[in-house]
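A.B. asks: my questions are about this predicted structure, shown below with the sequence.
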Amino acid sequence: MVKDALRVVKPTVDKVKAIVEFFHRSTVATEKLKSTQRQMGMPELRPKQECATRWNSTFYMLKRILESKDAIISTLAVINAPVDTLSQEEWETVKEVFPVLEPFEEVTVEISAESYVTASKMLPLCKGLQQVTAHPTECNSG
């Protein structure tokens, strides 16, 4: 369900994935990113890669790129990286998609922690997801 919904923003997610893969392939770029993060007073966070079989890896990839946004933009510009950078509109898309995915991640973690998930647990979780998807701005702002 989540993977299907992500198809709408696939071009943006694909660009994020290419940026992350670039940092994972290039030790020079990774070291420059760490240096830039230190200079900006940010924690040294390496971009997280997406795994095709786990939808929540996309969530974690987007989360990490948002956490390191300024350092990533700066690093890619300074090293003249051979990778397409995100436009302002694409950064906004990532920023808007992230809070929509967050409740699904929370439910995934909750369910994954259980050996045996009962209906008494599933029903409220499903109801909560229905409310979030019906009124995402109301649920995420309050």
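C.D. replies: That came through fine.

A.B. asks: so, low pLDDT: which residues of the protein?
C.D. replies: For the chain, applying pLDDT under 70 flags the ranges 1-5, 112-114, 117-142.

A.B. asks: so which residues of it form helices?
C.D. replies: 2-6, 10-25, 27-39, 55-67, 69-78, 88-112, 119-134, 136-141 (DSSP state H).

A.B. asks: which residues does the fourth one contact?
C.D. replies: Helix 55-67 is contacted from outside by 2-3, 6, 13, 16-17, 19-20, 42-43, 45-51, 72, 94-95, 97-98, 101-102, 104-105, 108, using C-beta atoms under 8 Å, 6 or more residues apart in numbering. The C-beta positions use only the backbone N, C-alpha and C, and glycine is treated the same way.

A.B. asks: apply the buried test to those residues and list what passes.
C.D. replies: 6, 13, 16-17, 19-20, 42, 45, 47-48, 50, 72, 94, 97-98, 101, 104-105, 108 (16 or more other C-beta atoms under 10 Å).

A.B. asks: from Ser68, how far out is the most centrally placed residue in the chain?
C.D. replies: Nearest to the geometric centre of the chain sits Leu62, at 1.6 Å (C-alpha atoms, centre = their mean). Between Leu62 and Ser68 the computed distance is 11 Å (C-beta to C-beta, to the nearest Å).

A.B. asks: then Thr12?
C.D. replies: For Thr12, the distance to Ser68 - C-beta to C-beta - is 16 Å.

A.B. asks: who has more neighbours out of those two?
C.D. replies: Counted by other C-beta atoms under 10 Å, Thr12 and Ser68 do not tie: Ser68 has more neighbours, with 23 against 20.

A.B. asks: nearest residue to that one other than its sequence neighbours?
C.D. replies: Leu45 (5.3 Å; C-beta to C-beta, 6 or more residues apart in numbering).
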